[in-house]
Structure formats: C-alpha cells, structure tokens
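> What follows is a predicted structure for the sequence shown.
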Amino acid sequence: MRVRKYPREMLSVLTDAEWVDTTRRPYVRGDDAFIPVKTGYAADEVIAEKTPYSGRGYQMLGDVALLHGRPPTEQEIREIGDWIHPRGIVYVSGYRGEKRIPDASVVYGECGEVCHHEAGFIFYLDPMTVMFAMGNREEKMRMSELIRTSGEHHPIRCADMFAGIGYFTIPAAVHGATVHAMEINPDSFHYLEKNIVANSVEAAVTPELGDCRDNLNGVYDHILMGHFDALAFLPDACAHVRRGTVLHVHTVGEQYDAISKICEEAGFSTKITPYRVKKYGPGAWHMVHDVVIQ
C-alpha cells in the first residue's frame, strides 16, 4: 500500500485531502499515521498489506489481551502482539475458589488496571486479580431485558449474590432495578464500587462485602446466582422469595431435577426454564435456569 507518513495527531485534519485514498484505512503505529495515497499522487513509502489475522483466539479487556485454555506458545504470543499491539497479554488458566481468583500470568508486556467498555457500560478491573465474565454478554442483555419489562409493572428489587465487579449488577440497575449487590472477594468489591460510580447508578445499587448467605435480607423479585456453585446456595436464596420471584441459577450442565428438589424441600413449587449460555467444555454447557416461584 502506497502511503504518506504524518504525525498521528494530524490524521483527523488530513482525511479530506484530495490525495487520500478513502477506500483504504489509515494505519497507525505509535505516534505515526500512514495514510493511503491515490494513484497519480506521490507517496513517501510502500508498506506491506495487512493480512487478516488467523492465529489463536483471544479476548480484549481494555488494552490487554486475555488467553484461556492451554498455555500459549511463543509464536502465538508473538502473533497476537504483532497484530493488535496490546499493552499486555495475560494467560488465565482458571479461577480458584468461591472468590474466583484468577490463576493468571503476564506473558507479554504489562498488565494492571484496565477500562473495558461493553454494550454501553464501563467496567474497571485488573485481570490479574479479578474475574470478568467475557462470554456472558447475551445473558447479561437477556437479564437486563427481563428486568426492564418486569419493572414496567412495579418496582423491582434484585439480589446479585455473586456480584463480582458488577457485570450483572450494572445492567440491571441501568434498566430500572434496585440492586442489592453482594461480593465476597475484596478486590472484586473494590471494582464493584468503582464501577457503580463510573456508570452513575449509586442511587440504585447497595453494595455489600461478605458472604451472600449472611447478607441476604428481605424478599426479592429477582435473585441472580451467577456462580457454578449456585446449587449449594439455593436453600439460602429460597428463604428470600415469594410467589412470582425469579431465581436465575447458573450451573454447568442442566440441573432441572436438582433445582426442583431443593425448592420443593423449601416448600415451593416452581416453573423452571433452562437456557444455554456458552460452551463450557467438551460435551458441557454453561447453563442458566430461570426458576419462577409458583
């Protein structure tokens, strides 16, 4: 591609110049912008065409790339670094315990706090210390829509038993719910409080640090249980429901019978609708069960 080289800050004022080839995108590297040139106009240099990326999959959190699954090879790390030039690349092999602490290592560059934008919401976090549910975007939006439509009839009080940094709490609050957000990990709780302010939902969210089983109080219209150990917490959640309450119970694989039994033992009949969220592993799905108390 034939280009002219200019300081990056001049890019916006040169886009309408007569020599600019508007059918191609400018290329930015560091403080320099390389602007495509039309045929018939002089160019400063010729740079190789950028070929489509075909390497290992990754997820971007702000300016940091996250890798999951098997450990990355040096070639895979180099390919990602050359393609997107991230501040850092972090490999996360898994998450530990009820606090969901990442087993993470920086394999390229540096990490630290990032600012991630998703579906119009702002999330601050450090991928080295807290978990972010990247693959749950559609489920977050489904929850938001359920809460929004429920709130058209009466005010909604929602419990988020495993709030993390606010990935379900923030959308629920923005869409009209009053949210009691509980989190046991102090690092995640720090970012939960920060994200509540960043998204201007202070009036709608009550954050509380500690074990959700101790912090639940009163009766809720929706109870979000976004943790794979949710079944162990379900008896406690059932002490805070009434007819019409909806519990959103996350599990690995369908757990219809187990959920039904726990609710029956607590004295409730239910209507349970399972949904697939994403692939969890070979032959296994991350599921969420909408459990309506009858």
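Looks like it came in fine. Source: prediction; values computed, not measured. Numbering: from 1, shown residues only.

> Can you tell me which helices and strands the helix or strand where Cys158 lies packs against?
Cys158 belongs to strand 157-160 when assigned by DSSP states H and E. In this structure, strand 157-160 makes packing contacts with helix 169-174, strand 178-183, strand 222-225, judged by 3 or more C-beta pairs under 8 Å, 6 or more residues apart in numbering; DSSP states H and E. Every C-beta, even on glycine, is put in place using the N, C-alpha and C of the backbone.

> and if we set it to 10 Å?
Contacts of strand 157-160 with other secondary structure elements, assessed using 3 or more C-beta pairs under 10 Å, 6 or more residues apart in numbering; DSSP states H and E, are made with helix 137-150, helix 169-174, strand 178-183, strand 205-209, helix 212-215, strand 222-225, strand 246-252.

> Now mean pLDDT too, for these, in JSON lines please.
Converted to JSON lines, the helices and strands packed on strand 157-160 look like this (pLDDT from 0 to 100):
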{"stretch": "helix 137-150", "mean pLDDT": "83"}
{"stretch": "helix 169-174", "mean pLDDT": "95"}
{"stretch": "strand 178-183", "mean pLDDT": "98"}
{"stretch": "strand 205-209", "mean pLDDT": "98"}
{"stretch": "helix 212-215", "mean pLDDT": "98"}
{"stretch": "strand 222-225", "mean pLDDT": "97"}
{"stretch": "strand 246-252", "mean pLDDT": "97"}
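
> Save these as TSV, and put in distance to Arg100 and mean neighbour count too.
Converted to TSV, those look like this (distance: least, C-beta to C-beta, whole Å; neighbours: other C-beta atoms under 10 Å):
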stretch	distance to Arg100	mean neighbour count
helix 137-150	17	18
helix 169-174	15	27
strand 178-183	10	26
strand 205-209	15	18
helix 212-215	13	17
strand 222-225	14	26
strand 246-252	12	22
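
> ok, back up a step: so what are the sheet partners of the strand holding Cys158 and their directions?
Strands that pair with strand 157-160, judged by DSSP bridges, come out as strand 178-183 (parallel), strand 222-225 (parallel).

> Of all the ones you listed, which one is nearest Val288?
strand 222-225 (8.7 Å; C-beta to C-beta).

> so after that closest one, what's the next helix or strand?
Following strand 222-225 toward the C-terminus (DSSP H and E): helix 230-237.

> now stretch 242-259: how far from the chain's centre is it?
22 Å (C-alpha atoms, centre = their mean, to the nearest Å).

> First-to-last residue distance for it?
16 Å (C-alpha to C-alpha, to the nearest Å).

> again with stretch 101-121
Separation of the first and last residues of stretch 101-121 by C-alpha to C-alpha is 23 Å.

> pretty sure Gly176 is touching Glu145, no?
No. Contact between Gly176 and Glu145 fails when scored by C-beta atoms under 10 Å: they sit 11.1 Å apart.

> Check what contacts stretch 194-204 and list those residues.
By C-beta atoms under 10 Å, 6 or more residues apart in numbering, the residues outside stretch 194-204 that reach it are 113, 115-116, 120-125, 158, 163-167, 169-179, 181, 191, 193, 205-207.

> Pull out the CA atoms of the strand holding Cys158 and give them to me as CSV.
Listed in CSV are the C-alpha atoms of strand 157-160, where the atom choice follows Å, rounded to 0.1, in the frame of the first residue of the first chain:
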residue,chain,number,x,y,z
ARG,A,157,-35.8,-5.4,43.9
CYS,A,158,-33.0,-7.6,42.8
ALA,A,159,-30.3,-9.5,44.7
ASP,A,160,-27.0,-10.2,42.9
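
> Spell out the residue ranges of the helices in this structure.
Counting by DSSP state H, one finds helices in the chain at the ranges 11-14, 74-84, 137-150, 169-174, 186-198, 212-215, 230-237, 256-265.

> residues in contact with Lys261?
By C-beta under 10 Å, 6+ apart, the neighbours of Lys261 are Leu231, Leu234, Gln255.

> List the buried residues for the helix or strand bottoming out on mean pLDDT in the chain?
Each helix and strand of the chain was given a mean pLDDT (mean pLDDT, DSSP states H and E); the minimum falls on strand 27-29 at a mean of 81. Residues Tyr27 are the ones in strand 27-29 that count as buried (16 or more other C-beta atoms under 10 Å).
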